[in-house]
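*Asks:* need a structure here:
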Amino acid sequence: MQLQRHFAYYATTSALLATLSGCGSMHMPSMPSMSLPSMSSLNPFGDSKPKASAPPFEVEVLAINDLHGHLEPTPFRIPDPDHPGQMRTIMAGGIPALGTLVAQERARTPDFVFVGVGDLIGASPLLSALWRDEPTVDAMNGMGMAFSSVGNHEFDQGKDELQRMQRGGCGSNRPQKACKFARRYAGAKYTWLAANVIEDRTDKPLLPAYAIREFQGVKIGFVAAVLEDTPRVVVPSGVVGLRFEDEADSINRIVTRLKGMGVNSVVALIHQGGETPDHFAVQDCSTLRGDIVGITRRLDPAVVAVLSGHTHQGYNCRVNNTVVTQADAYGHLATRLTLSVDKASASVVGVKANNLVVDATALAPDPAMQKILDRAREITEPVIKQPVAQLAVPQLTLDTPGGNDKGSGESTLGDVVADAQLAATRIYGAQIAITNRGGLRAPLPDHVPAIDNSVSWGDVTASQPFNNTLQVMTLSGAQLRTLLEQQWLRHTNAQFVLQISNGFSYRWKASAPVGNRVLDMKFEGKPVRADGAYRIAVNNFLAEGGDGFVVLKEGTNRLAPGVLDSDALADYLKASADRGKPAGWAQPQGRIVRVD
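*Replies:* Okay, here's the model as predicted:
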C-alpha cells in the first residue's frame, strides 16, 4: 500500500478502517444534511420550557512521544512522596508496562484513542535497532495505536524506508536487518501523519496531514507536523527531495479545511517542543519556553490542545490558555489528555491533562508485549555476545592518573571513546569530539580482562549503555572555552572532566577561580581563536545542555545523523584492529594537562 499523500487519514481500505475502528470511528465525508424542526417547536401552544442540554461527555487521548525503540525500562527520576522536595529513581517505560497502562486507560472510557507524537523509532537500543525497529512497530500495533505524528528520526534512513515501515515488506536499504525479527514484516497498522512535509517532485504532502475521529456523533480532528528544521538535524540523504514547511502555517491550513467538514475542534500533534524548570507533574505550568511556544501562539483557536515532543521533557503547561504537553521520552510517561465535548455545539469545551508515570515496578507486564520483548532478547543475545575487536591493552579504564583530586581528568577509555565519536562524525564535518565522563559507565571490557584483549558487543554496550546519538554543531572558540569552564560549575575536582578527541588539547589550573581555570586551548597544534568557528561532535544529552553544559544549546548549524554512541565505538574498535593498529593505550594521551 502506498502512503497516501494529500488526502484525509480516513483511508479507503477496509483493513485500515478495521484497525482504527472501535468506539471512536473514522469519519467518511458526506453531503451536508438539513434538520427539520420538531412538531413541538412548530406548535405555538407547545411546552415553552427550555429543554436541559445534555452534559458534556469525555474523550481520552493517550499520547507518547520519543519512544526511540526502547522496549525495556530505563531509569527515571520522579518525586519522592516520602521525602517532599526530593527525587527518587525508578525503572520506567518498557513495552510490557506501557502495554498494561494503555489497556487500563482504554478500559476507563469507550471514547478513547492512543496516539504518538513522533520519534517512535530511530536512535534505538540494540533490541530494536538491530531489527530495523520492527519490534517497536509490532508493539505499537499490539497496543492499538491509531496514528502518530512523524518525527525527525523517522527520516534517519530516508523516505523510502519510512514508507516501508508504514506499508511493510522486506525491501529495506539495510536488508541484513529487515524482516529478521519476524519472517514477514507487515508494516504499521497505525499511520504516520505530517501536514508540513512536502515532496518536491509532486508538490504534495508526503504523508496524510490529519485524521478525524468521531465520538458519540461529534467529530474531532488530529493534525500533525514535524519540526520545520528537520533538514538541519537529519543526515541530508534522509530528507532528499523533501521540504519542511512552517508548522503553524501548515496546521492552520488544514484546520480551515476541517472546519468545512464539520470539525470544530482539533488536537495538534507536533514533533517540536520546549523546556521548563517545572516538573512533569506540575499542572498548567506557565514557564514553558522554546519553539513550541511560538508555534502554539500562532495556531487557529480551533486547536484546543497541543501534544508535543522532540525535546525529551515532561511538562503540562498552558500557552495562551491552550494546553501544551510532552511525555518525556523512552516511554517513561504517557500523557492523558481529557477532552470535555459538548454535543449541542459539536465542540470541545474543556481540556485537562495529566502525565502518567509508566512505572515498570508497579504495572504488571502485558503478556503480548512481554512476548515481543522476550523474542527481541532471544535473537539479540547472540549478537551481544559476538566479539567486536581486540584492544591494544587488556582493559581501558575510567581512572585518571593521580586520582580525581590530583589528576587531570583524562582517562584511557575517554580518549578512545572521543576518538571513536570523531571518526563517526568526520563525514558530517566534525573537527573535535567531546564526551561526558558520566556517559562512560564501565571499563572496556567491563569484566576481568580477556587474555587476548578482546571485547564483545555486550562490553561495548555496558560501557556506553544510554544509546545516546551523536550531533554535530558549530561553536566559536569563545564558546568552546565557556564549555570547558562549565565543567567546574557543579564539580570541584577532576571526576567529571569532559573527555576530548585527538587533535584538541588544553591546560587547566585547579587553584584558579571557577570560570577562569582554562589556561589555553590548542587545535591541531595551534591556539584556538576566540572568534574562530569549530565543528564539535557531542552526544544528544550534552547537546541539550545536560550536566549543566548549557553553552552547547547555543551551538549553530546542528546536524543529527542518528549515529548511536555505542555503534560509533564498536565501528572504531573494529576498524582499528582491521588496520593492524588495535585501539587503546596503557596511559592517557596527555590531551588534558593539569598544571597544579
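
*Asks:* Could you report the distance from the most centrally placed residue in the chain to residue 501?
*Replies:* Nearest to the geometric centre of the chain sits residue 66, at 2.9 Å (CA atoms, centre = their mean). From residue 66 over to residue 501 the distance is 28 Å, taken as CB to CB, to the nearest Å. The C-beta positions use only the backbone N, C-alpha and C, and glycine is treated the same way.

*Asks:* May I have the distance across stretch 115-122, first residue to last?
*Replies:* 18 Å (CA to CA, to the nearest Å).

*Asks:* and that stretch, how far from the chain's centre?
*Replies:* 7 Å (CA atoms, centre = their mean, to the nearest Å).

*Asks:* what stretches of the stretch 101-250 of the chain score poorly on pLDDT?
*Replies:* Applying pLDDT under 70 to the stretch 101-250 of the chain flags the ranges 235.

*Asks:* What ranges does it have for its helices?
*Replies:* 126-129, 134-143, 159-167, 230-233, 247-259 (DSSP state H, counting those that start in this stretch).

*Asks:* do the same with the stretch 301-450 of the chain
*Replies:* Going by DSSP H, counting those that start in this stretch, the stretch 301-450 of the chain shows helices at 367-384, 403-406, 412-425.

*Asks:* will you turn those helices into a markdown table that also has distance to residue 349 and mean neighbour count?
*Replies:* Formatted as a markdown table, those follow (distance: least, CB to CB, whole Å; neighbours: other CB atoms under 10 Å):
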| stretch | distance to residue 349 | mean neighbour count |
| --- | --- | --- |
| helix 367-384 | 36 | 16 |
| helix 403-406 | 59 | 12 |
| helix 412-425 | 50 | 25 |
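
*Asks:* Pop the domain breakdown of the chain in here.
*Replies:* 54-375, 387-594 (automatic domain parsing).

*Asks:* if you compare those, which one is most tucked away?
*Replies:* Neighbour counts (mean count of other CB atoms under 10 Å) averaged over each of the domains of the chain peak at domain 54-375, with a mean of 21.

*Asks:* The residue lying closest to residue 508 once chain neighbours are set aside and residue 485, how far apart?
*Replies:* Leaving aside its chain neighbours, residue 508 sits nearest to residue 517 (4.8 Å; criterion: CB to CB, 6 or more residues apart in numbering). Noted for residue 517: a distance of 6 Å to residue 485, by CB to CB.

*Asks:* and what of residue 458?
*Replies:* Where residue 485 is concerned, residue 458 sits at a distance of 37 Å (CB to CB).

*Asks:* From what I see, residue 116 and residue 150 are in contact.
*Replies:* No - Residue 116 lies out of contact with residue 150 (CB atoms under 8 Å); the separation is 9.3 Å.

*Asks:* can you map out the strands along the stretch 151-300 of the chain?
*Replies:* Assigned by DSSP state E, counting those that start in this stretch, the stretch 151-300 of the chain shows strands spanning 191-193, 197-199, 204-205, 210-215, 218-226, 242-244, 265-271.

*Asks:* CA atoms only: put the fourth one into CSV for me.
*Replies:* Translated: strand 210-215. Presented in CSV, the C-alpha positions along strand 210-215 are these (Å, rounded to 0.1, in the frame of the first residue of the first chain):
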residue,chain,number,x,y,z
TYR,A,210,-4.7,14.7,9.5
ALA,A,211,-7.1,12.2,11.0
ILE,A,212,-10.7,12.6,12.0
ARG,A,213,-12.3,10.5,14.8
GLU,A,214,-16.0,10.6,15.6
PHE,A,215,-17.1,10.2,19.2
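
*Asks:* Now do that strand against strand 265-271, angle only.
*Replies:* 140 degrees (axes from the mean of the first three to the mean of the last three CA atoms, to 10 degrees).

*Asks:* list the helices and strands strand 210-215 packs on?
*Replies:* strand 25-26, strand 191-193, strand 218-226, helix 247-259 (3 or more CB pairs under 8 Å, 6 or more residues apart in numbering; DSSP states H and E).

*Asks:* Listing partners with orientation, what would you give for that strand?
*Replies:* strand 25-26 (antiparallel), strand 218-226 (antiparallel) (DSSP bridges).

*Asks:* Reformat those into JSON lines and put distance to residue 133 next to each item.
*Replies:* Below are these laid out as JSON lines (distance: least, CB to CB, whole Å):
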{"stretch": "strand 25-26", "distance to residue 133": "26"}
{"stretch": "strand 218-226", "distance to residue 133": "17"}
